[in-house]
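**Student:** Predicted structure and sequence below. I'll ask about it afterward.
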Amino acid sequence: MDLDRPALTQAITEMARLAGDKILTIYNQDFDVKTKSDASPVTEADVAAEKIILDGLRALTPDIPILAEESAAAGDIPDLSGGVFWLVDPLDGTKEFVHKRGEFTVNIALVEQGKPTMGVIHVPAKNTSYFAEGPGKVWRQDGDAAARPIATRTAPDTGLTVVASRSHRTAETDTYIEKFEVAELISAGSSLKLCLVAEGAADLYPRFGRTMEWDIGAGQAILEAAGGRVETVDGAPLLYGKDGHDNPYFIAKGRS
């Protein structure tokens, strides 16, 4: 698709930051927590952040449909048959948000023919953004400092650094991890786990638990731009636009 990718990357990164500012305003005061039909929590921060992003994307690219978590939960599923769509999780890690742990993110990705090709993950509590324009074009920015390129690393001979979910760790995950020589095991929330692999702070993130496409798309775009990959447990690429938008179990890896 003929897109101005540098301009789009800059625009969605700014949108994610604006949404993050709104989230922090709510985070720093009392807020109500509701439960969706799938038993997952939702707050006014999820809804407010999604509105900021949807308004921004519709103004930026009116012809590209948007699949967003809270809209999808309300039954608003766009026609994705054209193969190109935005994927939005306005507040990934709502449990971390509710428990005031700071490990929550704003995720925006562009999917083209089943693959996330660009994306941003913003970490409001740290004022840190990870964003990818395409292969080899991926950065981390902390506050107002200059953005710096990031890349995955080759796993060291001394053992892997493995990152696992803080809130959704399973016995299957532990069984998988036992196959490897592990030097360090890190627990983290939300899509931060994919960012840790992307910037070479970890080597492996196995996920044996339920995720949705909007949970992972931006992180996959960032990780793969940084030289890593996200695969199903059978080694197939993790693709998007699936019926129901549930992901199979997957393994995120750094550089081999």
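**Tutor:** It's in. Not measured: the values here are computed from a predicted model.

**Student:** got the buried residues for stretch 79-91?
**Tutor:** Buried residues in stretch 79-91, defined by neighbour count with 16 or more other CB atoms under 10 Å: L80, V84, F85, W86, L87, V88, D89, P90, L91. Heads up, the C-betas are built off the backbone N, CA and C, glycines and all.

**Student:** got it, and stretch 220-232?
**Tutor:** Under 16+ other CB under 10 Å, the buried positions of stretch 220-232 are Q220, A221, I222, L223, E224, A225, A226, G227, G228, R229, V230.

**Student:** Please apply the same query to stretch 243-252.
**Tutor:** H245, N247, Y249, F250, I251, A252.

**Student:** Widest-spaced pair of the residues you listed?
**Tutor:** H245 and I251 (19.6 Å; CB to CB).

**Student:** out of the buried residues of stretch 79-91, which are inside strands?
**Tutor:** Counted as lying in strands by DSSP state E, out of these, are V84, F85, W86, L87, V88, D89, P90, L91.

**Student:** quick one: the nearest residue to the second one once chain neighbours are set aside and K34, what's the gap?
**Tutor:** So that's F85. Closest residue to F85 apart from its sequence neighbours, by CB to CB, 6 or more residues apart in numbering: P65 at 4.7 Å. For P65, the distance to K34 equals 26 Å [CB to CB, to the nearest Å].

**Student:** now swap in K100 and tell me
**Tutor:** 18 Å.

**Student:** for D76, same thing?
**Tutor:** From D76 to K34 the distance is 18 Å (CB to CB).

**Student:** Please apply the same query to R58.
**Tutor:** From R58 to K34 the distance is 25 Å (CB to CB).

**Student:** same deal with P237?
**Tutor:** Distance, P237 to K34, by CB to CB: 35 Å.

**Student:** likewise I23?
**Tutor:** Distance, I23 to K34, using CB to CB: 16 Å.

**Student:** now swap in A45 and tell me
**Tutor:** In terms of CB to CB, A45 sits 12 Å off from K34.

**Student:** same deal with G143?
**Tutor:** As judged by CB to CB, G143 and K34 stand 32 Å apart.

**Student:** cool, R255 as well?
**Tutor:** Taken as CB to CB, the span from R255 to K34 is 41 Å.

**Student:** Which one's more surrounded, those two?
**Tutor:** Applying other CB atoms under 10 Å to R255 and K34 shows that R255 carries more neighbours, namely 15 against 11.

**Student:** That one contacts A198, correct?
**Tutor:** No: checked against CB atoms under 8 Å, the pair R255 and A198 is beyond contact range at 10.6 Å.

**Student:** where do the contact lists of the two overlap?
**Tutor:** A151, T152, G228 (CB atoms under 8 Å, 6 or more residues apart in numbering).

**Student:** Show me which of these is closest to E69.
**Tutor:** Proximity of the shared contacts of R255 and A198 to E69 was ranked by CB to CB; the top entry is G228 with 24.0 Å.

**Student:** can you give me the helices for the stretch 51-200 of the chain?
**Tutor:** Ranges of helices in the stretch 51-200 of the chain, per DSSP state H, counting those that start in this stretch, are 69-73, 94-98, 171-177, 192-198.
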